[in-house]
Structure formats: structure tokens, C-alpha cells
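K.L.:
structure for this input, please:
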Amino acid sequence: MKIGILQTGHAPDELLRDRGDYDAHFQRLLDGHGFTFETYNVVDMSFPESVTQCDGWLVTGSKHGAYEDHPFIPPLEDFIREAYEARIPMVGICFGHQIIAQALGGHVEKFAGGWSVGRREYDWNGEVIALNAWHQDQVIRRPEGAKVLAANDFCENAALVYEDRIFTVQPHPEFDSTFIEGLAIHRGPGVVPENQLQEVVANLDRPVNNNQLAAKIARFFKERTVA
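P.N.:
Below you'll find the model as predicted:
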């Protein structure tokens, strides 16, 4: 099964050499599940020719806001809606989670409650799942028909499923502790409150459930369910 990675941003220059760009993170995350991958740098206006060019689509994270004025956002929203109508399975992570919601009628904004960074725990249908987060923007109003799979006190729409068509997650199952530490060092200072950055570092050794999310993503692509 061929997965098209719609790359909507690039990793910080300081982390590219050792960890690769965002597409590399997802290829590592989903390694062993039988997928092949092709990357499209939509942030640089490099789009697939058709929604049927791959068997499934994955929309990455980004430093950009879904509501910001960037050339790639309108055609990406059109692509999302076309894939939805064609029932091509799609997964979105962080910015991907947000832009998909926005494209399908939801609302995204800079959350008044501030940032969520580092290891965070989510109630996933009664099960506690820990993942690394790095966001201030949130899906404030979900689209009609989107069902909540996971939430916590800070983020009520932390994971959504749209029938058997789309599965999206606000935190980052593709980010390991090394990369989160790099973000805290290179992207956090002066942007994220210092006490939160200190908490990120303090929690680096605590486990996260990235492999569990990888299995959910793989199952959604193959079977159209995350149950």
C-alpha cells in the first residue's frame, strides 16, 4: 500500500541532519507495517496530480497556522475535500489534524489557554494514552460528523475520526524524546513559557505510546477503522 505524505512544513534546520524532515519521522513510525511512501512538499507548492495517485494520504505537522494566509493552504483544503469525497483514506497529525477539520467545516484558532508541549496524557475511550505534543492552535469546533476519540482537559478534540474516511490526531506520535528535546532547545525559547520548557525536559525519560498510535494509523489505512 502506497502512502502519500503531504508535507506541510519542514523540521528545524538544527534537527534535519540527525533526524531528517517530517516525512522521515513518519516513515520510521510506520516501518514494519508494509507501506511504501512518496513525499509531496505541498508547503513548497508541490502537489500530487490526483487524489488517486496513492492508496492513502498523510498530512504532516507544520509551524504554520491553518488559518494563516499561505499559498499552499487553499489547494490543500481542496485536495482534502476531494479525497474525502473519493473515500481515499487520510490521516492528519497536528497541523494536519487542524487543516482537515478546517477544510471540512470546523474552526481552528490560537487557543487562549496557551501551549501544550512535551509528554501529555489523553483519555482515549477510557484508556490513558501518552503522546508528545507541540501546539498552541487547536480545533475549537469540529466539523459535522467528526467523532471524538481522545481528549484531555486542555484539548477536547485531541483525536477525531470521520466515518471510515479520515483519522486525525492533535499530538505527535512521530516525535520521540530526542526530537521533542530538540524543539525545546531550538524552537521553544522566547515562544513557549520557560516553565513549560523545563517540564518538557523533566519528562523526557517517561514513556509514550507512539507504537500504539502507529498501529492505529496502520489499521486505519488498511481496514478503515481505529477500533
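
K.L.:
shouldn't residue 158 be in contact with residue 170?
P.N.:
Yes: look at residue 158 against residue 170 with Cβ atoms under 8 Å: they come within range, at 4.7 Å. Any C-beta I mention is one placed from the backbone N, CA and C, and that applies to glycine too.

K.L.:
buried sites along stretch 3-18?
P.N.:
Within stretch 3-18, the residues that count as buried by 16 or more other Cβ atoms under 10 Å are 3-11, 15.

K.L.:
would you mind telling me which of residue 158 and residue 170 has more residues around it?
P.N.:
residue 170 (32 against 26; other Cβ atoms under 10 Å).

K.L.:
list the contacts of the more buried one.
P.N.:
94, 97-98, 133, 135, 138-139, 155, 157-159 (Cβ atoms under 8 Å, 6 or more residues apart in numbering).

K.L.:
now render those as TSV, adding secondary structure, pLDDT and distance to residue 222.
P.N.:
Listed next are these as TSV, based on DSSP: H, G, I helix; E, B strand; the rest coil; pLDDT from 0 to 100; distance: Cβ to Cβ, whole Å:
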residue	secondary structure	pLDDT	distance to residue 222
94	coil	98	23
97	helix	98	20
98	helix	98	25
133	strand	98	26
135	strand	97	28
138	strand	97	29
139	strand	98	25
155	coil	97	27
157	coil	98	25
158	coil	98	23
159	strand	98	18
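
K.L.:
state the distance from the most centrally placed residue in the chain to residue 56.
P.N.:
Centroid-nearest residue in the chain: residue 93, 1.1 Å away (criterion: Cα atoms, centre = their mean). For residue 93, the distance to residue 56 equals 14 Å [Cβ to Cβ, to the nearest Å].

K.L.:
restrict the lowest-mean-pLDDT helix or strand in the chain to CA atoms and write it as PDB.
P.N.:
Ranked by mean pLDDT, DSSP states H and E, the helix or strand of the chain with the weakest confidence is helix 13-19, at a mean of 89. The C-alpha trace of helix 13-19 is given here as PDB (Å, rounded to 0.1, in the frame of the first residue of the first chain):
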ATOM      1  CA  ASP A  13      17.500  23.200  10.400                       C
ATOM      2  CA  GLU A  14      19.300  22.300  13.600                       C
ATOM      3  CA  LEU A  15      17.500  18.900  13.700                       C
ATOM      4  CA  LEU A  16      17.400  18.000  10.000                       C
ATOM      5  CA  ARG A  17      20.800  16.400   9.800                       C
ATOM      6  CA  ASP A  18      20.300  13.900  12.600                       C
ATOM      7  CA  ARG A  19      16.600  13.300  12.500                       C
END
